[in-house]
Structure formats: structure tokens, C-alpha cells
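S.K.: With the input below, show me the fold.
(one chain, ligands or ions: 1)
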Amino acid sequence: MKDLQAEIQLLKQKRKAIILAHNYQLDEVQEIADFVGDSFYLSKVATGIECEVIIFCGVKFMAETAKILAPDKVVLLPENDAGCPMADMITEEDLRKLKNAYPGAPVICYINSSAAVKAESDVCCTSSNAVKVVSSLPDRQVIFVPDKNLGTYVSQRLPAKEMVLWPGHCVTHAQIKVSDVEAVRARHPQAQILVHPECDPSVVALADFAGSTSEIINYAERSAAKAFIIGTEMGVLHKLKALRPDSQFLLLHPGLVCPNMKKTRLRSVYEALRNSQHEITVDEDLARRARTALGRMLEMAK
Ligand code: SF4
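M.R.: Numbers count the residues shown, from 1 in each chain. Below you'll find the predicted structure:
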């Protein structure tokens, strides 16, 4: 493993590459990354980064987003078939039909979506800025795709908005049920329960805090509590344990492991760098339109 890490460092310098990793990646991948964070943070990093190659350790929509925001860079996805089931739950054709059914309503599209869906949207959002983005729009009625749970989370905070939702969801977060929260509360009454807004609204309603992976990490870092129950993908435990070695972290559900996020290993990063494999390309017209939607998000969320 040490040899592989050293090889990656050498290849990185040779290729003038930067490694970006999502908070849900395996510990070994987070440890060799130059930047680790949530989708919003990594989008901002991709926009301004100085390098020739971006190795994106995450899932396909994230690498596509990096390519759209940094079109002059070579973007490599170490595991070619690391996808996101939620992003696949809506197509651009589905979205066009929805737009026809609600003419005039602007479309806010969660970053967990394909480049083609982003291109059909007015503005993108991430879980850390969704409320801000939706509240910045003057329209009362808005279309929000594809995550129904994040859309519900936003609509509960912005009751003046009429939000048209799409029935997409994250299969990993959907495993958490109210009974899991109740059981953990009874067993660990002192612990703080921190969940992601991709969880079912009934779960979010019982939590002490809901936020993006970075917001969960920031919350735990500042909290006076010493025990936390985490309701998002287990990859965040790596940073949480490093930041709060004095505290106890437990997962709200044993199934909080995204199989797609866990496909990338040190070996995949090494091979992507060595063989320049799995380069992400995005059709130019789609990329231009998707960049407009992403650019609006970056502007609104400042
Ligand atoms: S955790 Fe859920 S939303 Fe995130 S990549 Fe995996 S399936 Fe997609």
C-alpha cells in the first residue's frame, strides 16, 4: 500500500494531476487526495484549479460536473462504472415532459444528475445550498429534480414556494427508517443524531441536525456533544474521527455504504493516472448549457 501511495505521488507530479475525492470515498482514497469534500466544495475547487489532469474519485455525475466546469482539463474517473442510481432516475426526456406540464416554472436540478438533465435546467444546487438557491428565485412555483427527499426538505423551510417534485431518491439513504432513529435514541439518549437531507423526511424530522456531508462534519466539529449517530454514507466517519478523536461515532444504519462510491481503490487511482484511463467527455452543447446552470448556482450560493 505504501508503494502504491508513493507511485501515485510520482505519477501525479509527472502528469500535473490533482486528486479530488468525495467524503464518501474509502479512507485509503481520501488519504491520497489533494481535496476532500462535498459536491459543492469539489465543484468550486474544480472551477479554479491549476493542473492538467483532474482525477475525480467519486461517481460519474461528479466527474462530469468537473469536466463541465473545467473544460480545458483532462478529467479521469478511476472506476468507469461508478454511477449514481439517483442520477439515473430522471432523463432529459422526463424533464422536458415535466417542463411542458408546468410551463414557466424554473427548474432547479440537484447536482446528482446527468449533464443532459443539468443542460435542461435553469440552475443547479447541492444539498448544502439548495435552500439558498430556491429562495433566491422570484418564482412561487418551481420544479425540483431529481431528489424528492431533498426537495421536501427545502419546501418545508420555504413554505411560500410551491415545489413540483420528481420521485427520485438515494437508495443508500432510503434504508434508514423511523424505527432505526427511535431505537438508537433509546440506546444512546445523550448522542446527537446528524442526518443528510437525502433521508426520508420522517427520519429528518426526528434528527438533531440535517445537512450536507460538509455541514455534518462542521456541526460535529463545533458541537459540545461527545457522541454522534451519523445518518449518511459511512465515508464521512474518516474525517469525523480525525477531527474529533475524543468522541464516539456510530452509524444510524449498517447499510449506509454506497456501493458505487466504494468501487474506487488506490489501485484504480494508480491505473487511471498511469494509463490515462476513463476520460470523461461531455458533448459541447450540453456542457455549455449545463455550465450556465452550474454557474448560476455558484453565483447564487456565494
Ligand atoms: S450515496 Fe446515494 S446519492 Fe450519493 S452517489 Fe451513492 S446512490 Fe448516489
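S.K.: When you work out contacts or count neighbours from here on, use the C-alpha atoms and nothing else.
M.R.: Fine.
S.K.: ok, which stretches of the stretch 101-250 of the chain are strands?
M.R.: 107-110, 123-125, 141-145, 162-165, 192-195, 209-210, 227-231, 248-251 (DSSP state E, counting those that start in this stretch).
S.K.: Residues of the stretch 51-200 of the chain that sit close to the ligand?
M.R.: 84-86, 170-172 (C-alpha under 6 Å from any ligand atom).
S.K.: How many residues are close by residue 183?
M.R.: 12 (other C-alpha atoms under 10 Å).
S.K.: And the residue nearest the centre of this protein?
M.R.: residue 39 (4.2 Å; C-alpha atoms, centre = their mean).
S.K.: For it, which non-adjacent residue is closest in space?
M.R.: residue 126 (6.6 Å; C-alpha to C-alpha, 6 or more residues apart in numbering).
S.K.: Near the ligand, which residues of the stretch 201-302 of the chain are found?
M.R.: residue 258.
S.K.: For the stretch 201-302 of the chain, just list every one of the helices.
M.R.: Listed in chain order, the helices of the stretch 201-302 of the chain (DSSP state H, counting those that start in this stretch) span 201-206, 213-222, 236-243, 266-275, 284-300.
S.K.: elements contacting the last one?
M.R.: What it means is helix 284-300. Here helix 284-300 touches helix 60-69, helix 115-119, strand 123-125, helix 130-136, going by 3 or more C-alpha pairs under 8 Å, 6 or more residues apart in numbering; DSSP states H and E.
S.K.: So for residue 181, which of those sits nearest?
M.R.: helix 130-136 (24.5 Å; C-alpha to C-alpha).
S.K.: and the closest one, C-alpha only, in PDB?
M.R.: The C-alpha trace of helix 130-136 is given here as PDB (Å, rounded to 0.1, in the frame of the first residue of the first chain):
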ATOM      1  CA  ALA A 130     -30.500  24.000  -2.100                       C
ATOM      2  CA  VAL A 131     -32.500  26.200   0.300                       C
ATOM      3  CA  LYS A 132     -30.500  29.300  -0.600                       C
ATOM      4  CA  VAL A 133     -30.800  28.700  -4.400                       C
ATOM      5  CA  VAL A 134     -34.600  28.000  -4.300                       C
ATOM      6  CA  SER A 135     -35.200  31.000  -2.000                       C
ATOM      7  CA  SER A 136     -33.200  33.300  -4.400                       C
END
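S.K.: for it, which positions count as buried?
M.R.: Buried residues in helix 130-136, counting neighbours by 16 or more other C-alpha atoms under 10 Å, are found at 130-135.
S.K.: Which of these sits closest to the ligand?
M.R.: residue 130 (14.8 Å; C-alpha to the nearest ligand atom).
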